[in-house]
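1. 3D, please:
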Amino acid sequence: MTPPRGGMVLRVLESWWAPRRVVRGLSAMPDSTLLVVLMLAMLITLVGQAPGLSRAAQLDPSIPLDARIGGAALGTMFMMPLVAYAMAGLTGLVSRATPWRLDPRHARLALFWALLAVAPATLLGGMVAGLIGPSPALTLTRTVAGMGFLFIWGAGIAALARRK
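-> As a prediction, this is how the structure comes out:
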């Protein structure tokens, strides 16, 4: 079965219940588009951090909001893509020790798509952090986002790995 034709937004939503099908349908995505997927995921993650950073700046004005956002931008837009590429490379290397081989490009696709697919949950977590602050609701939203990421990433790896 092919991914929905409605575009990336519908694919992101479908990734929560049929991640293997979605990632398999994206397997021909070129590296240049993978970079766009990663940067879009990082941008959405950065936007999702803003409400929590604003709340933190209100509670502790010793670090102004612009400094907090600058630090978050540096970490999210410049450091995290490097970490993501390293993690995808490590995943590809580790797969060589198993009977399931993962092409380096497919390792990047599985990871980068999982990051983009959980972006809506990241935004929700940011809203909860900004409006409610530390609470069971924030723990729950972050747990759902984290588990969703692991589920989608693992399903993507399983969909793209080939038996040697």
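2. from residue 12, how far off is residue 39?
-> From residue 39 across to residue 12, the span is 15 Å (CB to CB, to the nearest Å). Every C-beta, even on glycine, is put in place using the N, C-alpha and C of the backbone.
3. just the CA atoms of the helix or strand hosting residue 125, as CSV, please.
-> For residue 125, the element it lies in under DSSP states H and E is helix 119-131. Listed next in CSV are the C-alpha coordinates belonging to helix 119-131 (Å, rounded to 0.1, in the frame of the first residue of the first chain):
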residue,chain,number,x,y,z
ALA,A,119,7.3,17.1,15.7
PRO,A,120,3.5,17.6,16.4
ALA,A,121,4.0,15.9,19.8
THR,A,122,7.0,18.1,20.4
LEU,A,123,4.9,21.1,19.8
LEU,A,124,2.3,19.9,22.2
GLY,A,125,4.9,19.3,24.8
GLY,A,126,6.2,22.8,24.3
MET,A,127,2.7,24.2,24.8
VAL,A,128,2.3,22.2,28.0
ALA,A,129,5.7,23.4,29.2
GLY,A,130,4.8,27.0,28.5
LEU,A,131,1.2,27.0,29.9
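4. now do whichever helix or strand comes after that helix: distance to the chain's middle.
-> Next in sequence after helix 119-131, counting helices and strands by DSSP H and E, comes helix 136-160. Distance, stretch centre to chain centre, for helix 136-160: 9 Å (CA atoms, centre = their mean, to the nearest Å).
5. can you check stretch 149-161 too?
-> Counting by CA atoms, centre = their mean, stretch 149-161 comes out at 12 Å from the chain centroid.
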